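J.: with the sequence up front, the predicted model follows.
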Amino acid sequence: MGSVDRQLLEPTKIEISDLVVKYETPGNGDTQAALSKTTLNVRDGEFVAIVGPSGCGKTTLLNCVAGLVRASSGFVRVDGKIVGGPGRDRGVVFQQYALFPWLSVIENVIFSLEMRGVPRTERANEARRYLDLVGLSGVEDVMPKALSGGMKQRVAIARAYAAEPSVLLMDEPFGALDVQAKERLQVALLRALQLNPRTVLFVTHDVEEAIFLSDRVVIMGANPGRIVSETPVELQKDRVVEDKLSEEFIALKSQISQELRVIETGKYESEAVRKNNVISQVKKMELN
Ligand SMILES: Nc1ncnc2c1ncn2[C@@H]1O[C@H](COP(=O)(O)OP(=O)(O)OP(=O)(O)O)[C@@H](O)[C@H]1O
Ligand SMILES: [Mg+2]
């Protein structure tokens, strides 16, 4: 049995069923659908990446699973239980570094341990274990403002892990990082997940990142926000950065990027046609 077949046997961890979210338009009391009937099942231990144009409802979907946004209709279940609000079974990592600025690195992680009821005497050692997991050591007593963006996100992931949630919800966690830092964090996250598997829902604008990290890429479209398609990623599990250069990877990236372009422009454009269009537009601009 292949690894993909084996994964299919895993029980459903997150069940998103006919989920609709409507937001009120400020001022006139009208409502606007940010998500139209959306259904998605995530298996236990699966890593699902969500990509889609800006405003298509990715954050809304993630926030519904986090219990931060309420469903207008439909439901989200985690481990069979309806999500009615935030819970310790779901850890959230946002794009903005959501660390407590008045606490040091280790104190930020200890905060999660305290919430989980870990005895005081064990907290410092435990916190170091979670910092090690994301490749951070030697900065325990540093304040967040003195850290680089990449380090802050490592602390944020360590802190989310320390709460021992079974689900990690990540909304463009590496979106603000430069290319090198982003790549290092991607590898650190994959290693952390190998050592401590979790079910992950991960939003990103970066198709390469989505493929590199996930078992499945879900593509969303806008107006109304909805799932347009899904692509399984059948690359080997223990991935290294060099895998991004493989034929299989590049083909997948080109296919998903193409789909996204179709969603964004509403029409099919081959890479060659697109390049030609860009060139003729530039020429037109030069002539004017
Ligand atoms: N609290 C809110 N009140 C009203 N409208 C909202 C609210 N949050 C989001 N929206 C609207 O819902 C739609 C989906 O927003 P959402 O933030 O989920 O999109 P997104 O896919 O995460 O976008 P981005 O890629 O830019 O982060 C957008 O049209 C947005 O303007
Ligand atoms: Mg968003």
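T.: Done, it's in. Ligands and ions are numbered 1, 2, ... in the order given.

J.: what confidence value was assigned to whichever residue of the stretch 151-288 of the chain sits closest to ligand 1?
T.: Closest contact between the stretch 151-288 of the chain and ligand 1, by CB to the nearest ligand atom, is at Gly225 (5.7 Å). For every residue, glycine as well, the C-beta is placed using N, CA and C. For Gly225, the pLDDT comes out at 92.

J.: need the contact list for Leu168.
T.: Leu168 makes contact with 90-93, 160-161, 198-202 under the criterion CB atoms under 8 Å, 6 or more residues apart in numbering.

J.: please read the previous query as pertaining to Leu68.
T.: 86, 92.

J.: A strand includes Pro173, no?
T.: No: per DSSP: H, G, I helix; E, B strand; the rest coil, Pro173 lies outside any strand segment and is coil.

J.: i'd like the first residue to be 32 from this point on
T.: Let's use 32 as the start, then, which means that last one is Pro204.

J.: excluding chain neighbours, give the residue nearest to it in space.
T.: Val124 (4.6 Å; CB to CB, 6 or more residues apart in numbering).

J.: wait, isn't the one you found in contact with Leu200?
T.: Yes: between Val124 and Leu200 there is a contact under CB atoms under 8 Å: 7.3 Å.

J.: quick one on the thing from earlier: the nearest residue to the residue of the stretch 182-319 of the chain closest to ligand 1 once chain neighbours are set aside: neighbour count?
T.: Excluding its sequence neighbours, the residue lying closest to Gly256 (CB to CB, 6+ apart) is Gly88, at 2.7 Å. Applying other CB atoms under 10 Å, we find 27 residues neighbouring Gly88.

J.: wait, Gly88 sits on Met251?
T.: Yes: using CB under 8 Å, Gly88 is in contact with Met251, at 6.4 Å.

J.: shared neighbours, those two?
T.: Shared contacts of Gly88 and Met251 (CB under 8 Å, 6+ apart): Arg257.

J.: returning to that earlier point: which of Val124 and Leu200 has more residues huddled nearby?
T.: Per other CB under 10 Å, whichever of Val124 and Leu200 has more neighbours is Leu200, with 26 against 22.

J.: shouldn't the more buried one be within a helix?
T.: No: under three-state DSSP, Leu200 sits outside any helix and is assigned strand.

J.: so what's it bridging to?
T.: Val123, Leu232 (DSSP bridges).
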